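Enquirer: any chance you could fold what I've pasted below:
(chains A and B)
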There are 2 protein chains.
Amino acid sequence: MDGRPIGVFDSGLGGLTAVHALWRILPEEDLIYFGDTARVPYGGRSRETLLQYARQDVRFLRTFDLKAILIACGTVTTTSLPVLQAENDLPMVGVVEPACRRALSVTRKKRIGMIATQASVRSGAYEAALRRLDPEVEVICEPCPLFVPLVEAGRIRRGDVVIETVAREYLEPLRATGIDTLILGCTHYPLLTDIIGDIMGPEVTLVSAGEESAFELKRMLTAGDMRASGERQGTTAFYVSDRTEDFERIASTFLQEDLRCMARRIDIEQY
Amino acid sequence: MDGRPIGVFDSGLGGLTAVHALWRILPEEDLIYFGDTARVPYGGRSRETLLQYARQDVRFLRTFDLKAILIACGTVTTTSLPVLQAENDLPMVGVVEPACRRALSVTRKKRIGMIATQASVRSGAYEAALRRLDPEVEVICEPCPLFVPLVEAGRIRRGDVVIETVAREYLEPLRATGIDTLILGCTHYPLLTDIIGDIMGPEVTLVSAGEESAFELKRMLTAGDMRASGERQGTTAFYVSDRTEDFERIASTFLQEDLRCMARRIDIEQY
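Expert: As a prediction, this is how the structure comes out:
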């Protein structure tokens, strides 16, 4: 048993969808969340910039005595996870491998789609992981650069012509390729599950990368006898790198419940 | 006469619309442009973060022997210009005052609208500048947070339901207030002139903050006998803080002409 907290970080507040999954899957665990809201979005940045940002994010989280880190950011996972794992002596789970395993377990046609930010698609990490796990799989990737700003503007509901038009432009060519499984490779995208599901149709299974990594973390902690006591209710502390004023409102969107908590602000450039 | 170059900077590539204006208004001047593409967008960030970024941007530009700096970023101007002016011994023009002067010279009803990023609106800088110049003026501000990502996604044309829907939501309440002049307080927005003009109608005069600051800079250089020789054709050097691969394509959008030039990349965190 290990009662130390789990660190979770993302470029911004999208990673809160992974916190939402962790609350359901590991309700007894304490969480420390860091959202790098001063430097969001990571999606369009270069590999070197991303690695530098990710190292600072991990250094901040490790000022706490953590037992594991969940990287709730597709962009960081795809560009920096192996380096971060090599540099840090604690378990780190990203959002790529778990989603790939899940996608391969549900696909019947071995034809899998993946949507994410520009940087994640450009990295080729999802394709590489899927092919490593199954060399015969066919993978079709599509960057969806407007999904993050649209989600952050709250445009996530059915009937909104803006999100529906953008989503159709991104997704209809993907659907036409005949995929039967679609990985949501960015932690913002689970908020668009209704919109994406409507366009892809019931024959396409959606796999949420954030949720799968929460399941992976649970397996890993269980195998290592590192779970917290199941008799307690975990707490979550929130940190951000920019203004905290709108945190409660925006976090409530991502966590899909009313949140009564404050975020504390830290200067990430110091780490 | 002063043949030294003029520095121009922005959070990203939106400030290239000011370069476009400078090419027309001061064609003989050499320009050094810096776009902080590794940290774009500035719009949602805090005052302290913005001041730190702006100081680094100025320090990088001042590694060249400049005669003046044009801050082609509404967000930096509204939050940091007075501090930067106090810290630097060279003329600096922002995008607020020149646009406010122009707006006051064209308004008949003394009812002026202003659209910009969240941070610019929150700063209250346009309202304060307009009221300082004319205490009787009425100012209505509206943040348009999705305009920057939509412009960067190339959604700037008439008939695009996405940009038109978003623009109508932002602008129709503004038009209903009876303004007769609208300041485009973000250097991305001139690319939406057609869309914005269609919604606001012919009775509303649009004022481009970037263009007005180019005119202001011309007046300032002329008054100080600091213009370059009129017989020459100026050159422009482009620097960015993140990957340069897409620069030519994106810059061509902002500069409204085919561009055959490379940007060089620098590490802004070192300044």
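Enquirer: can you give me the strands for chain A?
Expert: A:6-10, A:31-35, A:68-71, A:92-93, A:111-116, A:138-143, A:181-184, A:205-208, A:236-240, A:263-265 (DSSP state E).
Enquirer: tell me which of the ones you listed sits nearest to chain B.
Expert: Chain B lies closest, by CB to the nearest CB, to one member of those: strand A:263-265, at 8.3 Å. Glycine gets a C-beta too; all of them are placed from N, C-alpha and C.
Enquirer: which residues of the stretch 51-200 of chain A lie near chain B?
Expert: For the stretch 51-200 of chain A, the residues in contact with chain B (CB under 8 Å from any CB of the partner chain) are A:52, A:145-146, A:149-150, A:153, A:161-162, A:165-166.
Enquirer: nearest to chain B, of the residues you listed?
Expert: In terms of CB to the nearest CB, no member of these lies closer to chain B than residue A:149, at 3.9 Å.
Enquirer: let me see the contact set for the closest residue to the closest one other than its chain neighbours.
Expert: What sits nearest to residue A:149 in space, not counting adjacent residues and going by CB to CB, 6 or more residues apart in numbering or on different chains, is residue B:149, at 3.9 Å. Counting by CB atoms under 8 Å, 6 or more residues apart in numbering or on different chains, residue B:149 touches A:145-146, A:149, B:41.
Enquirer: again, only using 10 Å
Expert: Listed by CB atoms under 10 Å, 6 or more residues apart in numbering or on different chains, the contact partners of residue B:149 are A:41, A:145-146, A:148-150, A:152-153, B:41, B:43, B:155, B:188.
Enquirer: for it, give its distance to residue B:67.
Expert: According to CB to CB, to the nearest Å, residue B:149 and residue B:67 sit 34 Å apart.
Enquirer: circling back to that earlier point, any chance of a markdown table for the strands of chain A, columns mean neighbour count and mean pLDDT?
Expert: Output for those, formatted as a markdown table (neighbours: other CB atoms under 10 Å in any protein chain shown; pLDDT from 0 to 100):
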| stretch | mean neighbour count | mean pLDDT |
| --- | --- | --- |
| strand A:6-10 | 28 | 97 |
| strand A:31-35 | 25 | 96 |
| strand A:68-71 | 26 | 98 |
| strand A:92-93 | 24 | 96 |
| strand A:111-116 | 27 | 97 |
| strand A:138-143 | 18 | 96 |
| strand A:181-184 | 27 | 97 |
| strand A:205-208 | 21 | 97 |
| strand A:236-240 | 20 | 94 |
| strand A:263-265 | 17 | 90 |
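Enquirer: out of those strands, the one nearest residue B:232 is which?
Expert: strand A:138-143 (42.8 Å; CB to CB).
Enquirer: touching that closest one from outside, list them.
Expert: Residues from elsewhere that reach strand A:138-143 (CB under 10 Å, 6+ apart): A:43-44, A:100, A:103, A:107, A:109-124, A:126-131, A:170-171, A:173-174, A:176-179, A:182-183, A:185-186.
Enquirer: now whichever residue of the stretch 151-271 of chain A sits closest to chain B. Nearest residue, chain neighbours left out?
Expert: Residue of the stretch 151-271 of chain A nearest chain B, by CB to the nearest CB: residue A:243 (4.5 Å). With sequence-adjacent residues excluded and distances taken as CB to CB, 6+ apart, residue A:243 is closest to residue B:46, at 4.5 Å.
Enquirer: now do the phi/psi pair for that neighbour.
Expert: The phi/psi pair for residue B:46 (degrees, to the nearest 10) reads phi -80, psi 160.
Enquirer: and it, how many neighbours does it have?
Expert: Using other CB atoms under 10 Å in any protein chain shown, residue B:46 is surrounded by 19 other residues.
Enquirer: right, and it touches residue A:246 too?
Expert: No: the criterion here is CB atoms under 10 Å, and residue B:46 misses it with residue A:246 at 11.2 Å.
Enquirer: tell me, what's touching the two both at once?
Expert: What both residue B:46 and residue A:246 touch, as defined by CB under 10 Å, 6+ apart, is the set residue A:37.
Enquirer: which stretches in chain A count as helices?
Expert: A:16-25, A:47-61, A:74-87, A:97-106, A:118-123, A:125-133, A:147-152, A:161-175, A:193-200, A:209-223, A:247-255 (DSSP state H).
Enquirer: how far away is residue A:126 from residue A:182?
Expert: Separation of residue A:126 from residue A:182 (CB to CB): 11 Å.
Enquirer: quickly list what's touching both of the two.
Expert: Common contacts of residue A:126 and residue A:182 (CB under 10 Å, 6+ apart): A:103, A:112-115.
Enquirer: so where's chain A shaky on pLDDT?
Expert: Along chain A, the model assigns pLDDT under 70 to residues A:258, A:260.
Enquirer: residue with max distance from the center of it?
Expert: The C-alpha centroid of chain A is most remote from residue A:231, which lies 27.6 Å away (CA atoms, centre = their mean).
Enquirer: burial of the nearest residue to it once chain neighbours are set aside, as a residue count?
Expert: Leaving aside its chain neighbours, residue A:231 sits nearest to residue A:28 (7.5 Å; criterion: CB to CB, 6+ apart). Neighbourhood size, residue A:28 [other CB under 10 Å]: 13.
Enquirer: ok, residue A:170 next?
Expert: Counted with other CB under 10 Å, residue A:170 comes out at 18.
Enquirer: distance check, it against residue B:201.
Expert: In this view, residue A:170 and residue B:201 are 33 Å apart by CB to CB.
Enquirer: kindly report the same for residue A:76.
Expert: Plainly put, residue A:76 is 46 Å away from residue B:201 if you go by CB to CB.
Enquirer: who has more neighbours, those two?
Expert: A count of neighbours by other CB under 10 Å puts residue A:76 above the other of residue A:76 and residue B:201, at 27 against 8.
Enquirer: am I right that the more buried one is in contact with residue A:58?
Expert: Yes: counting by CB under 10 Å, residue A:58 is a contact partner of residue A:76 at 9.3 Å.
Enquirer: spatially nearest residue to residue A:204 (excluding sequence neighbours)?
Expert: Nearest non-adjacent residue to residue A:204 (CB to CB, 6+ apart): residue A:182, at 5.4 Å.
Enquirer: OK, contacts around that neighbour?
Expert: If a contact means CB under 10 Å, 6+ apart, then residue A:182 has A:103, A:107, A:112-115, A:140, A:142, A:171, A:174-175, A:189, A:196-197, A:199-200, A:204-207 as its contacts.
Enquirer: can you give me the first-to-last residue distance of stretch A:195-214?
Expert: One end of stretch A:195-214 sits 23 Å from the other (CA to CA, to the nearest Å).
Enquirer: gap between the closest residue to residue A:94 other than its chain neighbours and chain B?
Expert: Nearest non-adjacent residue to residue A:94, counting by CB to CB, 6+ apart: residue A:77, 3.4 Å away. According to CB to the nearest CB, to the nearest Å, residue A:77 stands 19 Å off from chain B.
Enquirer: so residue A:77 makes contact with residue A:100?
Expert: No: Residue A:77 is beyond contact range of residue A:100, at 11.1 Å (criterion: CB under 10 Å).
Enquirer: list the buried ones in stretch A:243-253?
Expert: Under the neighbour-count criterion of 16 or more other CB atoms under 10 Å in any protein chain shown, stretch A:243-253 has A:243, A:247, A:250-251, A:253 buried.
Enquirer: ugh, wrong one, stretch A:172-179
Expert: Buried residues in stretch A:172-179, counted by 16+ other CB under 10 Å: A:174-175, A:179.
Enquirer: for that stretch, give me every contacting residue.
Expert: Here stretch A:172-179 makes contact (CB under 10 Å, 6+ apart) with A:103, A:107, A:109-115, A:138-142, A:144, A:168, A:182, A:196, A:199-201, A:203-205.
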